[in-house]
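Participant: okay, predicted coordinates and the sequence, questions at the end:
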Amino acid sequence: MDITWYGHACFRLKGRQGVIVTDPYDKSLGLSLPSIKADIVTVSHDTPHHNNVAGIKGDFKVIDSPGEFEINDIFVTSINMAAPNKSKGKNDHKNNIFVIYMEDITLCHLGDLSHVPNQSQVEDMDNIDVLMIPVGGKQALNAAEAAEVISLIEPYVVIPMHYDLPNLTTKFEPVGKFLKEMGISKDETVDSLKISKTTLPEETQVVLLEPKQ
């Protein structure tokens with residue numbers, strides 16, 4: 001499986017069964033979404049920085065609500081995991097997380113998760129191999145919260161997302177703050193991640209992806 005990051009919360013997960021694109025954004029984010037073709041598009045919540053399905057090519061299925069889905073032998077479980085809006089103090093921060101079973105690997109995309117899940121919510125996620133997690137604060141997890149979530153879920157691979165990048169119209173915390181929380185001093189990036197069940201690391205590893213534009 002190949003994992004490519006396009007910035008913010010948008011990834012392409014490409015495997016033998018097809019292609020999933022997560023949380024495509026529109027130009028109001030400050031980034032340009034490349035031409036991407038998909039079989040499945042997941043949307044964590046209905047805002048322009050996460051729901052630009054019109055920007056994706058192909059005859060794809062959109063998953064934007066809770067439920068269990070099977071498409072081309074790809075299994076997706078969408079779980080509503082909302083919490084109080086950090087800036088307003090109200091229960092209006094809607095968010096779907098996605099647990100994706102693809103090529104014998106279990107991936108989890110946390111969308112704009114804004115709170116540390118309780119034990120019951122962690123158990124709902126199953127055993128996660130690859131975790132895509134927001135780390136830049138604002139309406140989503142900050143660096144310290146992200147580190148706590150990782151310690152609860154215990155994935156093999158962690159891919160941080162939703163942090164500060166050049167040209168973004170919204171300011172987030174830099175990824176360096178998260179790396180410091182994780183005890184990591186180097187911030188080396190890779191263009192994409194090729195991964196299989198047999199190449200998963202023995203201990204949790206943080207992988208920084210270069211945003212592809």
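Facilitator: Received, thanks. Numbering: from 1, shown residues only.
Participant: can you list the weak-confidence ranges in the protein?
Facilitator: 83-93 (pLDDT under 70).
Participant: residues in contact with the residue nearest to His162 when sequence neighbours are not counted?
Facilitator: Leaving aside its sequence neighbours, His162 sits nearest to Pro134 (CB to CB, 6 or more residues apart in numbering; 3.5 Å). (Glycine included, C-beta is placed from N, CA and C.) Pro134 is in contact with 9, 110-113, 140-141, 146, 160-163, counting by CB atoms under 8 Å, 6 or more residues apart in numbering.
Participant: let's see which of the residues you listed end up in helices.
Facilitator: Taking DSSP state H as the definition of helices, the contacts of Pro134 contribute Ala146.
Participant: just the contacts of Pro134 now: which is nearest Gly67?
Facilitator: Nearest to Gly67 among these is Gly111, at 15.1 Å by CB to CB.
Participant: separation between the closest one and Pro166?
Facilitator: Between Gly111 and Pro166 the distance is 23 Å, computed by CB to CB, to the nearest Å.
Participant: and for Tyr156?
Facilitator: Here Tyr156 is placed at a distance of 30 Å from Pro166 (CB to CB).
Participant: which one of the two has more residues nearby?
Facilitator: Tyr156 (20 against 8; other CB atoms under 10 Å).
Participant: the helix or strand harbouring Lys14 pairs with which strands, parallel or anti?
Facilitator: For Lys14, the host element (DSSP states H and E) is strand 11-15. Paired neighbours of strand 11-15 in the sheet (DSSP bridges): strand 2-5 (antiparallel), strand 18-22 (antiparallel).
Participant: so which of the ones you listed is the most surrounded?
Facilitator: Comparing the strands paired with strand 11-15 by mean neighbour count (mean count of other CB atoms under 10 Å), strand 18-22 ranks first with a mean of 24.
Participant: the very next helix or strand once past it - contacts with which helices or strands?
Facilitator: Using DSSP H and E, the helix or strand that follows strand 18-22 in sequence is strand 36-37. Where contact means 3 or more CB pairs under 8 Å, 6 or more residues apart in numbering; DSSP states H and E, strand 36-37 is packed against strand 18-22, strand 56-57.
Participant: so which of those strands gets nearest Phe69?
Facilitator: Of these, nearest to Phe69 by CB to CB is strand 18-22, at 10.9 Å.
Participant: residue contacts, Ser196?
Facilitator: 1, 103-105.
Participant: one more time with 6 Å, if that's ok
Facilitator: Contact analysis of Ser196 by CB atoms under 6 Å, 6 or more residues apart in numbering lists nothing.
Participant: again with Asp39
Facilitator: 18-19, 60, 72.
Participant: could you pull out the helices for the protein?
Facilitator: Using DSSP H, helices in the chain cover 119-124, 143-153, 175-181.
Participant: and of those helices, who's closest to Ile40?
Facilitator: Ranking the helices of the chain by their distance to Ile40 (criterion: CB to CB) puts helix 119-124 first, at 20.4 Å.
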